[in-house]
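1. Sequence first, then the predicted structure, then my questions.
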Amino acid sequence: MAKIQVLVDGKRVSVMSGSTILDAVKKAGSEVPTLCHNPILEPSGHCRICLVEDLTSNKLLTACNTRAEEGMVINTQTERVHSARKKILRMLLLNHPEACVVCEKNNSCTLKELASNYGISLVSTGKVGNLHPIVDANPFIHRDLTKCIGCQMCVRVCREVQGACAIGFSGFGTSARPATLGDMASSDCELCGLCVSICPVGALIEKPSKHHGTPERKSKVVCPYCGVGCQMFVMVKSGRIIGVEAGVPGSVNARSLCVKGRYGFGFVSHPERLKKPLIKEDGEFREATWEEAIDRVVSGLRQAKRLGPQAIGVLSSAKATNEENYLIQKFARVVLGTNNIDHCARLCHAPSVTGLAQSFGSGAMTNSYDDIKRARVILITGTNTSENHPVIAQMIKTAVLSGKTKLIVVDPRDIKLARFAEIFLQPRPGTDVAWLNGFARVIITEGLMDEKFIRERTESFDEFSRSVMPYTPEVVQKICGIPPQELKRAARLYAKSGASAIFYAMGITQHTSGTDNVKAIANLAMLTGNIGRPGTGVNPLRGQNNVQGACDMGALPVSLPGYKRVDEKEARVKFEKAWGATIPEEPGLTVVEMMKAAESGKIRAMYIVGENPVVTDPDSEHVKSALKKLDFLVVQDIFLTETAELADVVLPGAAAFEKTGTYTNTERRVQLSMKAVDPPGEAKSDMDIISELAGALNGDMKYESPSEVMEEISLLVPSYGGISYSRLEKSGIQWPCPNTGHPGTKILHEKEFTRGKGKFHAVEFADPAELPDKRYPFVLTTGRILFHYHSGSMSRRSVLAKHISGGWVEINPQDARRIGIKDGSKVKVVSRRGKVSTKARISSRSPRGVVFMSFHFAEEAVNALVNPALDKESKIPEFKVCAVRIEPEVQIE
Ligand code: SF4
């Protein structure tokens, strides 16, 4: 592209043709004030405060949205320019309240700063002409639109960056103000707070941060909720977190956060935080000293160990740091002598780990978030991305809105992203292998596959090709309910784009066919050569903020850190040498198997760190009764969870912002999170507790700091070989990163697959383990909602609970009419395993015959209903399909 020359304040600069005057001004090192400008938005010139003088045309021009032209002579600081800017500021201030002393914007108000810089007294500007009522519609955002200066940044950021288009402008002239359809809670607003964060004045304010004044310091942390791994600053005052700010330089989420990340931090200082160890005596907890508690844990674990180390089970945590997960699995294997170590990845992405390892040799997301905007087609399936991974949904929406990317959504429910889709297919729950094989058949029979890629990079194509031939569009329609023409259209769109990416989540994995579903997805990517290149890939979206890291660190019964199998001698010997201990050869039990073993008396003691299986595991009544049968249960957590209530000893742990450590997000990015505040009372980090416990059990697991643990990890786990705290201080690194000079890996399998050649798998459709019948006529499917997280132990102890405090069963309007229930009616949802009382929410998001419930509410424990039937290979339970009936609790007159 050609360059042009511009003279700015007497300095000659050259900028790319197409640059704005503001770009040239910045290049010259001059300064121009802005109010409505932000580099993440298209320039608009609304506020006009960026006026500069162009001597070639003798005009005043807005610098942010006027193109620089060859030979322009720009002055940014002349008397004429200053006087014009002053006039604009006076006009803005005419309608702005003189309330700076009590304004929550404190000293970060750009208008106030400019007024001061230009020598304008607020008092001299007169009275406010247009008073607007303060809007108090939700617990997150306070709107005092009298202070609005009409810069429209909130409207633009909602449309251009968030892709939500929830805000518009209403009214005329100086009375015009941003407005939503209805209040922010009921409109398309996702309450992400991006509009608040960009407001240059105090018109939009975050309620949770109100009345806390100016923060004293801030710490860079990783969001404690989902696997997107957004980075943010937590603002600290008097040892308390008073707010959150996005915009960490180089972060994957830039300025974006979802409602949980931005507002859900209140759990950290919640009064119910555990502050002292608890010991149960005569069925009641009493507070204890750490010495007493550790003694009690040591004797409980020792007693069980007398029956053999296999009598003990350990659950690690996808919320704990990499260093903590590494230590917990090391504690299980070295100190307790068992491979009975697992965590909640078993319940979300075990099929991804198992299936993708067989297809590609690695079970992680193949590409990066950056590739979303490079994909020409994105196929999302089994992921309600807007509610589960909201910041990724935002990236997908902006890619689609750019006009360069087309979206295919395949989901039984009419999820939000379906509105942005070119093609939306609604298969029956549990029929994924059929439509995926149907896609493959269309692609093969129409000659749309990538023959060169198949020939050079893959194996077992012929067998796979034969296996999909029975899945004609008509057969697929019978199984899935997808119209044949739509199936063909979607398959062609995916195959022909040149760069198609697949994103999926638990709607694919949480089935008895979970591993087959994942293999069928991998087949599709290899068939079309959509792997190993920018904008392509197979991308499982991981749930918890460190579920990827917990797997990487070997908190799995079969895998040592770095996914080396524990039953392979060479791998074991390497770790035995490093740890100076013998590691048992026999793979351990998975979480579901541990619960069964507890029930049958084979497991006699369990150590559960940061997990709440009573709420999160399938058939929760069984889980409860299994845990009650244990001789000894120790739970380490930040709250007295439903699982902790059953424990003999409860150890108080530190929450996310109270410790330093690393987390690995769903795009394999290892990120450092710094300690921001001290844990409450006597609570300690999981790392400190584990070290202490190991010492008391004659193990040696003393480390000076988490960074020392990372040093050990980098020596033993090749993909973390080049990762160190000093490198992570600058920015996150995506594994594999084999050495300290390696920049990290954005795209996996570029030249060859981790396993050498990619392997096609012939997979056959099989019905879910439980189908609806006369007694149980509905399919229940479960998932998350935007405003809560997992078992709710954190999100329900924050302001998020003020917005949504309980669950519901979502049912199609026709089904609701047929069984005589209204929106809000009390109902019982009954399966073969249990019943749950809740209220009905009538919505066509669920198709006929399918009902949906979230799993965040212990008092409406949906997991009491779901089927614990397991996928044979990965042992994940079938959370996504079980048969239920709906019984009205109150008859409608
Ligand atoms: Fe946190 Fe996930 Fe929301 Fe990002 S998208 S702010 S990581 S919950």
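-> Now that the structure is in, tell me what you want to look at.
2. just checking, what packs against the lowest-mean-pLDDT helix or strand in the chain?
-> Taking mean pLDDT, DSSP states H and E as the measure, the chain has strand 177-180 as its least confident helix or strand, at a mean of 76. Contacting strand 177-180 under the criterion 3 or more Cβ pairs under 8 Å, 6 or more residues apart in numbering; DSSP states H and E are the following elements: strand 167-170. The way it works is simple: take the backbone N, C-alpha and C, and place the C-beta from them, glycine included.
3. which residues are in contact with the least confident helix or strand of the chain?
-> For strand 177-180, the external contacting residues (Cβ atoms under 8 Å, 6 or more residues apart in numbering) are 132, 145, 148, 150, 152, 154-155, 166-171, 187-189, 195.
4. and the helix or strand containing residue 408, which strands flank it?
-> With elements delineated by DSSP states H and E, residue 408 resides in strand 406-410, which encompasses its position. Applying DSSP bridges to the sheet, strand 406-410 is found paired with strand 377-381 (parallel), strand 423-425 (parallel).
5. out of those, deepest packed?
-> Per residue and on average, the most neighbours among these fall to strand 377-381, with a mean of 26 (mean count of other Cβ atoms under 10 Å).
6. List the residues that contact the residue in the chain that the ligand sits nearest to.
-> Closest approach of the chain to the ligand (Cβ to the nearest ligand atom) occurs at residue 261, with a separation of 2.3 Å. Contacts here follow Cβ under 8 Å, 6+ apart; on that basis residue 261 touches 223, 225, 230, 232, 244, 246, 391.
7. Enumerate every residue touching the first one.
-> For residue 223, the contact set (Cβ under 8 Å, 6+ apart) comprises 229-232, 257, 260-261, 545.
8. and the residues you listed, which two are the farthest apart?
-> Spatial extent of the contacts of residue 223 (Cβ to Cβ) is set by the pair 231 and 260 at 14.4 Å.
9. Comparing the two, which residue is more hemmed in?
-> Between residue 231 and residue 260, counting by other Cβ atoms under 10 Å, residue 231 is the more crowded of the two (27 against 24).
10. Which residues does the more buried one form beta bridges with?
-> residue 222.
11. contacting residues around it?
-> Shown in contact with residue 231 (Cβ under 8 Å, 6+ apart): 220-223, 246, 248, 251-253, 671, 732.
12. Equivalent analysis for residue 557, please.
-> Taking Cβ under 8 Å, 6+ apart as the contact definition, residue 557 lies against 339-342, 566, 587-590.
13. again with residue 835
-> Contacts of residue 835 (Cβ under 8 Å, 6+ apart): 828-829, 864-865.
14. Can you check what pLDDT the model gives it?
-> According to the predicted model, the pLDDT of residue 835 comes to 92.
15. low-confidence ranges in the stretch 501-650 of the chain?
-> Nowhere does the stretch 501-650 of the chain drop to pLDDT under 70.
16. the strands in it, which residues?
-> Ranges of strands in the stretch 501-650 of the chain, per DSSP state E, counting those that start in this stretch, are 537-540, 559-560, 564-565, 605-609, 632-637, 649-652.
17. could those strands go into TSV alongside distance to the ligand?
-> Below are the strands of the stretch 501-650 of the chain laid out as TSV (distance: least, Cβ to the nearest ligand atom, whole Å):
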stretch	distance to the ligand
strand 537-540	15
strand 559-560	25
strand 564-565	29
strand 605-609	21
strand 632-637	20
strand 649-652	24
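18. could you dump these to a markdown table with distance to residue 476 and mean neighbour count?
-> Conversion of the strands of the stretch 501-650 of the chain to a markdown table gives the following (distance: least, Cβ to Cβ, whole Å; neighbours: other Cβ atoms under 10 Å):
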| stretch | distance to residue 476 | mean neighbour count |
| --- | --- | --- |
| strand 537-540 | 21 | 28 |
| strand 559-560 | 35 | 23 |
| strand 564-565 | 37 | 16 |
| strand 605-609 | 43 | 27 |
| strand 632-637 | 45 | 25 |
| strand 649-652 | 51 | 26 |
